[in-house]
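# Sequence first, then the predicted structure, then my questions.
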Amino acid sequence: MKHKKILSLTISGILLLGLTGSVFAEQRDRGERNGSKHGSKHGGKHGGKHGGTVDVDAKVERIFGHLDTDESGTITLDEYLVPKLAKTEAKFARLDTVNEADTEDEDGDNLISLDEMLAAYEDRKSNHDDSEIDREAVIQCVEDILGIDIPDKMTTEERFDAFDIDDDSYIDYDEFVVSVTATAEEKFNLLDADLDSEVSNEELTEALNNKNEVRETYKECREELELVNNI
Ligand SMILES: [Ca+2]
Ligand SMILES: [Ca+2]
Ligand SMILES: [Ca+2]
Ligand SMILES: [Ca+2]
């Protein structure tokens, strides 16, 4: 059971984070080869080059409107970090609370325990209602169609250990900010495909197109499996 929960986090993480350019370059090649199979069914919205472009362009423009604060036409790491770090206090406060029935730990002690982190992810999991679907099968299906290898994401325990830098079994606010910053930097580096320390319009467009493709494929795979399960 636990394994399945972790996978649910994995796929949502992937959808948020997107994958690296090189992986997607390979994926596009295979996608074209698979095109006839999927194109016939999803040509309209899945075409990418046609239907999705306007939406993605508008989205890119909106994102640049928010993040490119000096209107230079590119997003730097500093610009990218502003909204991420603006929310850290609220995010920390949300994690630093536990259900009293579950544990004796005090609420709001300005330290995040592993129990608190697990409880937070448990809540998130319970918002998804598709427990009938075999997530491993869905991920396998996405990997097969796109020809990519979706890496395992960290478990909640592993993520907790990574955040708990001084290893005292609690995450304090400073550790939290350091870790959120590091995670954001990793995401920024994935967006910055040519590694010139700036995210261009083209790089963001590419990333959003890739993300849409994964999301669409994930949806297709889920629908297929649901169909099979409901026979
Ligand atoms: Ca800028
Ligand atoms: Ca706490
Ligand atoms: Ca610590
Ligand atoms: Ca760049």
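Sure, I can see it. Ligands and ions are numbered 1, 2, ... in the order given.

# Quick check: buried residues in the lengthiest helix in the chain?
Assignment by DSSP state H gives helix 201-229 as the longest helix of the chain. For helix 201-229, burial by neighbour count (16 or more other CB atoms under 10 Å) applies to 201, 203-204, 206-214, 216-218, 220-222, 225. Every residue, glycine included, has its C-beta placed from N, CA and C.

# backbone phi and psi for whichever residue of the chain sits closest to ligand 1, please?
In the chain, the residue that lies nearest ligand 1 is S72 (3.7 Å; CB to the ion). Dihedral angles of S72 (phi, psi; degrees, to the nearest 10) stand at phi -90, psi -10.

# Any idea how many residues pack against it?
S72 is flanked by 10 other residues according to other CB atoms under 10 Å.

# Quick one, grab the pLDDT at I150.
Note for I150: predicted pLDDT of 86.

# where does it sit relative to G65, distance-wise?
Distance from I150 to G65, counting by CB to CB, to the nearest Å: 31 Å.

# The two: who's more crowded?
I150 (17 against 10).

# Quick check: the more buried one is in a strand.
No: read with DSSP: H, G, I helix; E, B strand; the rest coil, I150 is coil and lies in no strand.

# What parts of the protein come near ligand 3?
164, 166, 168, 170 (CB under 5 Å from the ion).

# Try it again at 6 Å.
Neighbours of ligand 3 within the chain, by CB under 6 Å from the ion: 164, 166, 168, 170-172, 175.

# what about D115, distance to ligand 2?
According to CB to the ion, to the nearest Å, D115 and ligand 2 sit 9 Å apart.

# residue contacts, V142?
11, 148, 150, 214, 217-218, 221 (CB atoms under 8 Å, 6 or more residues apart in numbering).

# export the residues you listed to JSON lines and tack on distance to R135?
Listed next are those as JSON lines, based on distance: CB to CB, whole Å:
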{"residue": "I11", "distance to R135": "7"}
{"residue": "I148", "distance to R135": "17"}
{"residue": "I150", "distance to R135": "11"}
{"residue": "V214", "distance to R135": "15"}
{"residue": "T217", "distance to R135": "14"}
{"residue": "Y218", "distance to R135": "10"}
{"residue": "C221", "distance to R135": "10"}
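
# Looking at stretch 189-196 now, give me its mean pLDDT.
Mean predicted lDDT for stretch 189-196 stands at 97.
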